[in-house]
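Colleague: could you look at this predicted model? Sequence included:
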Amino acid sequence: MASHGRNTLASRLRHRGDGRGPLSFVVRHHRGIVAAVALVLVAVALVVWPYEMASERRALLRMNPDARRELYVTSQRDAQAICAQAQHERALDDRCVDSATFLLSFPECDQACQAFAEAHQRRPTR
């Protein structure tokens, strides 16, 4: 079957009817629609992420203090090891950032812990 021109869904929809239906609107404005959907998803993520962080902190605060302290010590040790290795293995960067950020959820995270976590956050790039 030979095709004379592009036979895409968009081209077929563009040539249907009088060009004023809902599908025609979608075809004409698909880039704007995609951008709007992406913007909504980013906005939702910006709302949900802090809530999730607070939720994690609330869960830690409900823990038995001795169990929480043990988890903190283990998490701190793991974060230090992961971040040290991430200096040589860039594939571990995300894990390092996540581990360091998790430490901030603990009430036991003192100034040294906060400085460690801050030092291992993503930096904006140009």
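Modeller: Cool, the structure landed. Numbering: from 1, shown residues only.
Colleague: wait, doesn't E56 sit right on S105?
Modeller: Yes. At 5.0 Å, E56 and S105 qualify as touching, with contact defined as C-beta atoms under 8 Å. In short, each C-beta sits where N, CA and C put it, glycine included.
Colleague: and the two? Which one has more around it.
Modeller: S105 (20 against 15; other C-beta atoms under 10 Å).
Colleague: helix, strand, or coil at that one?
Modeller: Each residue gets one of three states, and S105 gets coil by DSSP: H, G, I helix; E, B strand; the rest coil.
Colleague: mind checking the backbone torsions on it?
Modeller: phi -80, psi -20 (degrees, to the nearest 10).
Colleague: and for H88?
Modeller: Dihedral angles of H88 (phi, psi; degrees, to the nearest 10) stand at phi -110, psi -20.
Colleague: how many residues are close by it?
Modeller: Around H88 there are 7 residues (other C-beta under 10 Å).
Colleague: how close does it get to A81?
Modeller: 12 Å (C-beta to C-beta, to the nearest Å).
Colleague: and if you look at S105?
Modeller: 19 Å.
Colleague: and Y72, how many neighbours?
Modeller: Neighbours of Y72 (other C-beta under 10 Å): 20.
Colleague: and it, what does it touch?
Modeller: By C-beta atoms under 8 Å, 6 or more residues apart in numbering, the residues touching Y72 are L103, F106, E108, C109.
Colleague: just A84 next, same as before
Modeller: Counting by C-beta under 8 Å, 6+ apart, A84 has no contacts.
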